[in-house]
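Enquirer: Sequence plus the predicted model coming up.
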Amino acid sequence: MHNSITVEGYQLTEAIFESPKSIVFRGIQEHGKLAIVVKILNKQYPDPMELAKFRQEYEIAKSLDIEGVIKTYGMQLHENSPIIVMEDFFGESIQKIQQHNELTIKEILSIGIRIAGTLHEIHKQNIIHKDICPANIIWNKKQDILKIIDFGISTQLSNEIAEVINPNLLEGTISYVSPEQTGRINRSIDYRSDFYSLGVTFYELLTNKLPFEGNDSMEIVHSHIAKTPIPPSTIKKSIPTVISNIVMKLLE
């Protein structure tokens, strides 16, 4: 992971996330000492398609003035590539939190209810997130601030039918992708895609397992389309049936 980068007007202190497409740094805006997070494309010379997608991510995130969505401050050029500047509320992904120390059923239920509420607000603005997973839900446990991040593949709600895509090229985190996002069922992508992915997230937080595990992407995609997962309450007797039923409803 890149440890440092110099961006005019910002003091970037540490890289907190890196993917093949982008790097995220934590830092401070020198003027006003505002705590910020900066997202930079992981390429010195991005192609026009990558630039267009990055701009779309910025436009969508900036348009969502919702309490449960990370605030986006602005976009500017750094060398040959744009950067997106966002708030830093000193949270950690629930994926990391769960790795360190298991969340209680009460905490998981509270997270689930609040994220469902935020998704409802996002959907009211005709946006589908398309990549809801534990890595994209950030929680500052101390201050109890919970927000959705990463609108990198989000889209305006439309009736387009997803194309059939090679599973290795699928947008979204493969284990959390809804059946309609695979393009392998004749159904357009709508807000229910996000609730399906929330169901997978909820399932994993409760059971420490994914509903479907496989050795390759194609196997996982097939399972999401053709199989019904084992109910969470069957895996762990401590999970109340009513919560297990909600998760199974989300995964229908």
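Expert: Yes, it's here.
Enquirer: Can you list phi and psi of Ile137 for me?
Expert: phi -120, psi 120 (degrees, to the nearest 10).
Enquirer: For it, list each beta-bridge partner.
Expert: On the basis of DSSP bridges, Ile137 is bridged to Ile148.
Enquirer: gap between Gly199 and Trp139?
Expert: Using CB to CB, to the nearest Å, one gets 19 Å for the distance from Gly199 to Trp139. All C-beta spots, glycine's among them, are computed from the backbone N, C-alpha and C.
Enquirer: cool, Asp131 as well?
Expert: In terms of CB to CB, Asp131 sits 17 Å off from Trp139.
Enquirer: go on, Ile111?
Expert: 7 Å.
Enquirer: Quickly list what's touching both of these two.
Expert: Ile94, Leu146 (CB atoms under 8 Å, 6 or more residues apart in numbering).
Enquirer: Quick one: residues contacting the closest residue to Gln143 other than its chain neighbours.
Expert: Among residues not flanking Gln143 along the chain, Phe89 sits closest, at 7.5 Å (CB to CB, 6 or more residues apart in numbering). By CB under 8 Å, 6+ apart, the residues touching Phe89 are Ile70, Ile138, Asn140, Gln143, Ile145, Lys147.
Enquirer: out of those, who's nearest Ile225?
Expert: Ile138 (29.9 Å; CB to CB).
Enquirer: Including neighbour count, distance to Leu205 and pLDDT, could the contacts of Phe89 go into JSON lines?
Expert: Output for the contacts of Phe89, formatted as JSON lines (neighbours: other CB atoms under 10 Å; distance: CB to CB, whole Å; pLDDT from 0 to 100):
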{"residue": "Ile70", "neighbour count": "20", "distance to Leu205": "20", "pLDDT": "98"}
{"residue": "Ile138", "neighbour count": "22", "distance to Leu205": "14", "pLDDT": "98"}
{"residue": "Asn140", "neighbour count": "14", "distance to Leu205": "17", "pLDDT": "97"}
{"residue": "Gln143", "neighbour count": "10", "distance to Leu205": "20", "pLDDT": "97"}
{"residue": "Ile145", "neighbour count": "14", "distance to Leu205": "18", "pLDDT": "98"}
{"residue": "Lys147", "neighbour count": "22", "distance to Leu205": "17", "pLDDT": "98"}
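Enquirer: Pull the most distant pair out of these.
Expert: Ile70 and Gln143 (14.4 Å).
Enquirer: how close does Gln99 sit to Pro211?
Expert: Using CB to CB, which is the criterion applied here, Gln99 is 19 Å from Pro211.
Enquirer: quick one, which of those two is more surrounded?
Expert: Just comparing Gln99 and Pro211: by other CB atoms under 10 Å the higher neighbour count belongs to Pro211, 25 against 11.
Enquirer: how far away is that one from Glu8?
Expert: From Pro211 to Glu8 the distance is 46 Å (CB to CB).
Enquirer: where exactly do the helices run in the protein?
Expert: Using DSSP state H, the helices of the chain run over 48-63, 94-100, 105-124, 192-207, 217-226, 232-235, 241-250.
Enquirer: Make JSON lines out of these and add mean pLDDT.
Expert: Converted to JSON lines, the helices of the chain look like this (pLDDT from 0 to 100):
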{"stretch": "helix 48-63", "mean pLDDT": "94"}
{"stretch": "helix 94-100", "mean pLDDT": "94"}
{"stretch": "helix 105-124", "mean pLDDT": "96"}
{"stretch": "helix 192-207", "mean pLDDT": "95"}
{"stretch": "helix 217-226", "mean pLDDT": "82"}
{"stretch": "helix 232-235", "mean pLDDT": "97"}
{"stretch": "helix 241-250", "mean pLDDT": "96"}
